[in-house]
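> With the sequence up front, the predicted model follows.
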Amino acid sequence: MDVLHNLQWVLPLRTPVLTQFAFALSWLGYSTFIMFFMAIGYWTWNKAIFYRLLILVAANALLNAYAKDLLQDPRPPLELQLDDLVHASYGLPSGHAQLAVVLWMWLAWEIRRVWVWVLCALIALGVMASRMVLGVHDLEDVLGGAVLGGLGLWVFEQVRHRQWHWQNHLGWNMVLIAFVTGLALLSWPGTAPEYIPTLAGWVAAATWSLQVEKRQIGFAVPTVLWRRVAIGVVGAACFLGEQKLLKLFGTHVVLPPMLWALTKGVVSGVFVSLLIPLLVCRVRLAPSARFSA
């Protein structure tokens, strides 16, 4: 049996309990979870770590979508698929696998504790396995995504320690984001998904907002647990409202789809990286260089 492309060896493992567990693990790889996870981590854990994570996720999401449309490798047969959120996208490389490696293994690399390595590795492996249990990826798709994610982590770790002038220069950062996104869209093999300009807008807005916030607000994650929990709850509620408003406005705007997608990313980037830190500092939930907590 061709285990790389044939899911017949996976199908006997399906049970009602395992299938529901696979759906739960797969949810960890979708944008809804990733957006909220990164935002809450930014507010309640460590700004620098989750800003780097945003760059990693955005870059790998672009690379994954481009590779999918370039390779055009079909997913497993439709009758095997249990997850109807994949729509008509291609299979290789698996986006869930790639982002699972990027998201969880980068956190393990940042924290560097044995129990975190074990936990993050188990989550990443669980997310990858869930895509085969749900019948939306074969083993080749998952392995391809995992390898691509690992390479992305290695490249990022090499680049971020180089002392290049543009790394700390806002203008050059904006030029780089625009150049990479523009080049990808112009050379895209087909029609690029709308989340690509959304991610570009988010990264650009977060990069600008972080510098403004450092100068004008000086938000710091509090050390007291109840304050962190309160910030997470307040931030999540506000972020959920912001996302619903964007969805509502999207039904009335007359902008071209790609421009509206870019606008949504910019708004969300400013909201997460600037407005929520300003809010929690104003109400004295978090310490600040300008507002006493």
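All right, it came through fine.
> in what helix or strand does residue 268 lie?
Element membership for residue 268 (DSSP states H and E) is helix 257-270.
> Send over that helix as PDB, restricted to the C-alpha atoms.
Taking C-alpha atoms only, helix 257-270 is exported to PDB below (Å, rounded to 0.1, in the frame of the first residue of the first chain):
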ATOM      1  CA  PRO A 257     -12.000  42.500  -2.400                       C
ATOM      2  CA  MET A 258      -8.200  42.600  -2.100                       C
ATOM      3  CA  LEU A 259      -8.200  46.200  -0.900                       C
ATOM      4  CA  TRP A 260     -10.900  45.500   1.700                       C
ATOM      5  CA  ALA A 261      -8.900  42.400   2.800                       C
ATOM      6  CA  LEU A 262      -5.800  44.700   3.300                       C
ATOM      7  CA  THR A 263      -7.900  47.200   5.200                       C
ATOM      8  CA  LYS A 264      -9.200  44.500   7.600                       C
ATOM      9  CA  GLY A 265      -5.600  43.500   8.300                       C
ATOM     10  CA  VAL A 266      -4.500  47.000   9.000                       C
ATOM     11  CA  VAL A 267      -7.500  47.700  11.300                       C
ATOM     12  CA  SER A 268      -6.900  44.400  13.200                       C
ATOM     13  CA  GLY A 269      -3.200  45.000  13.500                       C
ATOM     14  CA  VAL A 270      -3.700  48.500  15.000                       C
END
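> domain ranges for this protein?
The chain breaks down into these domains under automatic domain parsing: 1-162, 168-293.
> Please verify my assumption that residue 174 contacts residue 208.
Yes: using Cβ atoms under 8 Å, residue 174 is in contact with residue 208, at 7.5 Å. To be clear about C-beta, it is placed using only N, CA and C from the backbone, and glycine gets the same treatment.
> Which of the two has more residues huddled nearby?
residue 208 (18 against 14; other Cβ atoms under 10 Å).
> what is the orientation angle of the helix or strand containing that one with helix 257-270?
Here residue 208 sits within helix 195-216, counting by DSSP H and E. Interaxial angle, helix 195-216 versus helix 257-270 (axes from the mean of the first three to the mean of the last three Cα atoms, to 10 degrees): 30 degrees.
> Which parts of the helix holding residue 268 count as buried, going by neighbours?
258, 260-270 (16 or more other Cβ atoms under 10 Å).
> Packing partners of it?
Counting by 3 or more Cβ pairs under 8 Å, 6 or more residues apart in numbering; DSSP states H and E, the packing neighbours recorded for helix 257-270 are helix 195-216, helix 225-250.
> Compute the inter-axis angle for the longest one and helix 257-270.
Angle, helix 225-250 to helix 257-270, by the same axes, to 10 degrees: 160 degrees.
> Which strands and helices lie in contact with helix 225-250?
Looks like helix 225-250 contacts helix 31-44, helix 257-270, helix 276-282 (3+ Cβ pairs under 8 Å, 6+ apart).
> And that helix, what's buried?
Quick answer for helix 225-250 (16+ other Cβ under 10 Å): 227-228, 230-232, 234-236, 238-239, 242-243, 246.
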